[in-house]
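Student: The following comprises the amino acid sequence and a computationally predicted model.
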Amino acid sequence: MSKRPVESSEMELASELPLTALETLDALDSVEHFSLESGDDSEDEDFDFGENDYREALPGEKILVRPNDYNDSDCSSDEEEIRNRIGNIPMEWYDDYDHIGYDIHGEKVVKTHKEGDQLDKLLDRMDNPDYRRTVHNKREGEDIVLEDDDVAIIERIRSNAYPDLGYDPYEPYVDFFTNEKQLTPLVDTPEPKRRFIPSKHEHKKVMKIIRAIRNGWIKPKDDTPKKPVYFDLWANKEEPQKHNPMHIPAPKLALPGNEESYNPPAEYLPTQEERDQWENTDEVDRTQNFLPQKYSCLRHVPAYPQLINEKFDRCLDLYLCPRKMKMKLNMNPDDLLPKLPKPKDLKPFPSTKAVKFSDHEGHVYSIDSNKSGEFIVSGGEDKMLRIWESSTGRVLNKIALPDTITSVKWNKVHSMVAAACGNTVYLLNPGLGDRVVVESTNKLLQGLTDIKELDHCRWYPLGNDKDGLRAKLVHNHDINNITWHNNGNYLAVTMRDSQSCPVLIHNVAKNSSQKPFNKSKGQIQQVEFHPSKPFFYVLSQRYVRVYNLVKQAMVRKLICSVKWASCMAIHPKGDNLIVGSYDKALVWFDMDLSVKPYKSLQQHKKAIRDVSFHPRYPLYASSSDDCSTIITHSMVYNDLVKNPLVVPVKVLRGHKVTTKYGVLCNVFHPQQPWIYTGGADGDIWLFV
């Protein structure tokens, strides 16, 4: 066989070509696959294949070879370099680690894509123009932006079209088998025996049925018509009617009493006034149809004039009035009451006064605890923000603010406290707890260097203030309530008097603010984040609206069934919700059950000011103006069939009524079954 001269570029290809026939066919498949997946179709159309572009694979065969095909590393998806060599295992195993696997050298593959929460995804969706065509590769930990061709293929698949634009589903039909009758069959396999020999299995089954019929185990169906059965309607009633089980006897007449006697006692005889009143009363409104009369003997008693009328009315009652069988239940009325466990069997719960925090002057509007429970923060009418040591009641720090403090919240992730004062929210670092967390919080708050003015609020940096104040957020209206998200980066602010901007959500990490609602649907009392899902709860005067932050739509609307709701709290699992009201009612919602309350409790004598759930124990507390805090055992079961167990266990008292107000706020200890309560008398009590 003659050989043509080989150039230098083709010599390099020849060294990489397979030697066997099977490997040659595999190489051919890879070349064809690359030609189909090539990105530029214009080069394939203009490329001119000559005789030198073929090489011999087998005797008498030639394979088309492009010199650049073997130099391109992306000629096939199988030849792409795979960094992560962990194999086919679930990627959820690496959620708690800083890497997602190991490469071919045993080195860790560090996560380059930081998984954000639902709010970060929402902001990325609004800011990133390529968000809808970005796909996250979990195995490699990187985001892949789809090209226009890939998006076009996906759109054709979703529209029930063929992925390949050039595919023709209506190609000419190739008749492989002719419709002409052939002399010899295509398959000359002899027929099996089961087609012309009786089945032994069916024979055994038939004999089994015949044996059961002979022994009486199976009775054939009786097709003989049955005669109708009649009974005598006018037979003696004393004889039991066997064929009439629905027979209901007529009710008996009431037995005569003393007033029907011909010689009744003197107290049963009516006076002249009673007789005149009975005669002037309508017959329908009379309690009895006759007046008692007294006769000296029985033979002086005349005939009863209303006998015929009463017998006729009796017949009408028996004929027209339907009768119903009434089943009598012999049971104890105490068995109808629910059997609740005793409070001593539901311990632990707070029951005793332990520590008194007395330094405030005026009402204490809000208190909160840090994540470990070692310190608490409080604010009130005296415009002083105080940080206490919970075990001793000692004041660690006092910070004077320009206005009344309406709400304080301690961040559970960062060493940060948010205090609402008038129309301003102050962010401060108390410098307590873990040193690493304190330093990371300072770095987070130092990101705000200049004044940042937005549509509805303004961010002001305060530098390294000696009291720990790092920044302040000035709003257009007074703030009533604030709350932190569980990830520690988002702060929701409620402004009850604002109609255009009642709620704002601030991102502390990015120093940005967002207005979720353009218009207020009623006067908003409080807002809360769901503990684990991207849900946002908004409490108005009579409703609780649940919004999905990802879909940006309202998911559910709960009907509170109260006149004016005042506060709410969400169960740590997120499936239950309690709402307190100014009309002394507390309602419990089961989110999986209905939009109406599952339970409504009337335990307080005055308006309810605050409610809260314990983060670990099955307890919730409600504080009221009657100077009482009621601790209730609230066990929520994982079994959806079993209803929650709600049992009041203790009433805590320790505050005094001041200017018609009692207990204004409460918060549970995050680790222990303890509770802090703040009242209008300026005292804070710790119950253990």
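Tutor: On my side now, so go ahead.

Student: dump the residue contacts of the nearest residue to T658 once chain neighbours are set aside.
Tutor: The shortest distance from T658 to any non-neighbouring residue, by C-beta to C-beta, 6 or more residues apart in numbering, is to A680 (4.1 Å). C-beta: built from backbone N, CA, C; applies to glycine. A680 is in contact with 363-364, 655, 657-659, 661-664, counting by C-beta atoms under 8 Å, 6 or more residues apart in numbering.

Student: Among these, name the ones in helices.
Tutor: With helices defined by DSSP state H, no entry of the contacts of A680 lies inside them.

Student: Output those residues as JSON lines; include the columns neighbour count.
Tutor: Formatted as JSON lines, these follow (neighbours: other C-beta atoms under 10 Å):
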{"residue": "H363", "neighbour count": "19"}
{"residue": "V364", "neighbour count": "28"}
{"residue": "H655", "neighbour count": "26"}
{"residue": "V657", "neighbour count": "15"}
{"residue": "T658", "neighbour count": "16"}
{"residue": "T659", "neighbour count": "8"}
{"residue": "Y661", "neighbour count": "17"}
{"residue": "G662", "neighbour count": "25"}
{"residue": "V663", "neighbour count": "30"}
{"residue": "L664", "neighbour count": "23"}
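
Student: right, and out of those, which lies closest to Q526?
Tutor: Distance to Q526, by C-beta to C-beta, is smallest for L664 among the contacts of A680, at 14.1 Å.

Student: so the closest one makes contact with S623?
Tutor: Yes: if you go by C-beta atoms under 8 Å, L664 and S623 touch, sitting 7.1 Å apart.

Student: Tell me where the stretch 401-550 of the chain has helices.
Tutor: Ranges of helices in the stretch 401-550 of the chain, per DSSP state H, counting those that start in this stretch, are 435-445.

Student: Provide a list of residue ranges in the stretch 351-500 of the chain with pLDDT below threshold.
Tutor: The stretch 351-500 of the chain contains no residues with pLDDT under 70.

Student: about what we covered before: can you pull the residues that touch both of L664 and S623?
Tutor: Common contact partners of L664 and S623 (C-beta under 8 Å, 6+ apart): 609-610.

Student: What is the neighbour count of the nearest residue to G488 once chain neighbours are set aside?
Tutor: Leaving aside its sequence neighbours, G488 sits nearest to V413 (C-beta to C-beta, 6+ apart; 2.8 Å). Neighbour count for V413, taken as other C-beta atoms under 10 Å: 15.

Student: for T629, same thing?
Tutor: The burial count for T629: 28, using other C-beta under 10 Å.

Student: so what's it bridging to?
Tutor: Beta-bridge partners for T629, by DSSP bridges, are S623, L652.

Student: That one contacts G679, doesn't it?
Tutor: No: the criterion here is C-beta under 8 Å, and T629 misses it with G679 at 9.5 Å.

Student: Overlap in contacts, these two.
Tutor: The contact lists of T629 and G679 share V663, where a contact means C-beta under 8 Å, 6+ apart.

Student: how about low-confidence regions in this protein?
Tutor: For the chain, residues meeting the criterion pLDDT under 70 lie at 1-80, 113-115, 176-179, 181-182, 185, 231, 233, 235-246.

Student: For it, which residue occupies the most central location?
Tutor: Centroid-nearest residue in the chain, with C-alpha atoms, centre = their mean: D575, separated by 5.2 Å.

Student: Tell me the spacing between that residue and H530.
Tutor: Using C-beta to C-beta, to the nearest Å, D575 is found at 10 Å from H530.

Student: What ranges does the chain have for its helices?
Tutor: Here the chain has its helices, by DSSP H, at 8-16, 21-37, 41-46, 118-127, 148-158, 200-214, 272-280, 307-320, 435-445.

Student: follow-up on the earlier one: contacts only, for the residue nearest to the centre of the chain.
Tutor: Here D575 is in contact with 590-592, 636 (C-beta under 8 Å, 6+ apart).

Student: Go ahead and build a PyMOL selection from the buried members of those residues.
Tutor: Entered in PyMOL, the line below selects the buried ones among these, by 16 or more other C-beta atoms under 10 Å:
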select buried, resi 590+591+636
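
Student: Same list (the contacts of D575) but as a markdown table, adding distance to G422.
Tutor: Shown next, in a markdown table, are the contacts of D575 (distance: C-beta to C-beta, whole Å):
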| residue | distance to G422 |
| --- | --- |
| D590 | 38 |
| M591 | 35 |
| D592 | 40 |
| V636 | 38 |
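
Student: Quickly note the distance from the residue lying closest to W674 once chain neighbours are set aside to K342.
Tutor: Leaving aside its chain neighbours, W674 sits nearest to V688 (4.8 Å; criterion: C-beta to C-beta, 6+ apart). V688 is 21 Å from K342, where distance means C-beta to C-beta.

Student: for V555, same thing?
Tutor: Counting by C-beta to C-beta - V555 and K342 are separated by 39 Å.

Student: more crowded one of these two?
Tutor: Legend: neighbour count by other C-beta under 10 Å for V555 and K342, higher for V555 (13 against 8).

Student: Alright, that wraps it up for me.
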